[in-house]
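Engineer: make a model of this:
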Amino acid sequence: MRRKFIKQNITKQILFTIFGTFIAAIGVRLIVVSGLGADAISTLVLGILQHVSVQFGTVSMLFNGIILIIIFFYDRTMIGIGSIINSFGLGFCLNILDWLGILHTIPDGTAYLSIIAGSIIFGIGTGIYLLADAGSAAYESLMILLKRLIKSSVKTARILLDALIFLTGFLLGGHIGWGTVIVLLLMGPSLEVTLNQLPKLKFFRIQEAK
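Structural biologist: Got it, this is the predicted structure:
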């Protein structure tokens, strides 16, 4: 009986990770297609795409894969099945959206609506992924690594990491605009609301199954 209980918990963790990753991918796509600016990683990817001819999702997967390799040799305890699913699944989902021709363009005059909706959806998807508690995502792991190296707070490490990634992306040709500010203002609150409110629903309580 106990063995079955644990198996159900792992299944729920994997499902949450996959679902959250897919929702986050939709959010990222809405942000990018707005053309107003993007989150840190998307800005870097867009900068890289100025110099190579590959899909957005493919560059995302390669970037996350390199980070996971670094984290694996530094502290493999941070990596779980969720880390693999999220790191490669996000890029895979973005490529699927490309292949299906979904969200390639948006109607004229909806750029701000697109980036606002994308920022909120990105935060919700990230929150669902984090609720799975199945391993740190590549970017979050990199933030923890930086925090340990410079012996700072999580907030300071995140600001420094975002600034470095934004700057690198910008120098490579990525676009930074008002949309970037919108992402920074809306993504965090939507993530926080998701983490605080969804566990009130029994279905989203991973810990109860342990």
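
Engineer: give me the low-pLDDT residue ranges for this protein?
Structural biologist: In the predicted model of the chain, residues 1-8, 154, 203-210 satisfy pLDDT under 70.

Engineer: the top helix by length along it - contacts with which helices or strands?
Structural biologist: Longest helix in the chain by number of residues, with DSSP state H as the criterion: helix 2-34. The contact analysis (3 or more CB pairs under 8 Å, 6 or more residues apart in numbering; DSSP states H and E) places helix 2-34 against helix 40-48, helix 81-99, helix 111-131, helix 178-197. For every residue, glycine as well, the C-beta is placed using N, CA and C.

Engineer: between those, which gets nearest to Ile10?
Structural biologist: helix 81-99 (8.2 Å; CB to CB).

Engineer: run the chain-centre distance for that closest one.
Structural biologist: Distance of helix 81-99 from the chain centroid (CA atoms, centre = their mean, to the nearest Å) equals 10 Å.

Engineer: so what does it touch, helix or strand wise?
Structural biologist: helix 2-34, helix 56-75, helix 138-150.

Engineer: mind putting those into JSON lines with distance to Phe92 and mean neighbour count?
Structural biologist: Output for these, formatted as JSON lines (distance: least, CB to CB, whole Å; neighbours: other CB atoms under 10 Å):
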{"stretch": "helix 2-34", "distance to Phe92": "8", "mean neighbour count": "19"}
{"stretch": "helix 56-75", "distance to Phe92": "6", "mean neighbour count": "18"}
{"stretch": "helix 138-150", "distance to Phe92": "14", "mean neighbour count": "19"}
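
Engineer: distance-wise, check the nearest residue to Tyr129 once chain neighbours are set aside relative to Thr180.
Structural biologist: Nearest non-adjacent residue to Tyr129, counting by CB to CB, 6 or more residues apart in numbering: Gly20, 3.3 Å away. To Thr180, Gly20 is 23 Å away according to CB to CB, to the nearest Å.

Engineer: ok, Asp162 next?
Structural biologist: 10 Å.

Engineer: can you check Gln55 too?
Structural biologist: Separation of Gln55 from Thr180 (CB to CB): 22 Å.

Engineer: cool, Val28 as well?
Structural biologist: Distance of Val28 to Thr180, computed by CB to CB: 13 Å.

Engineer: joint contacts of the two?
Structural biologist: Common contact partners of Val28 and Thr180 (CB atoms under 8 Å, 6 or more residues apart in numbering): Ala38, Asp39.

Engineer: which residue, neighbours along the chain excluded, lies closest to Val52?
Structural biologist: Per CB to CB, 6+ apart, closest to Val52 is Val59, 7.3 Å.
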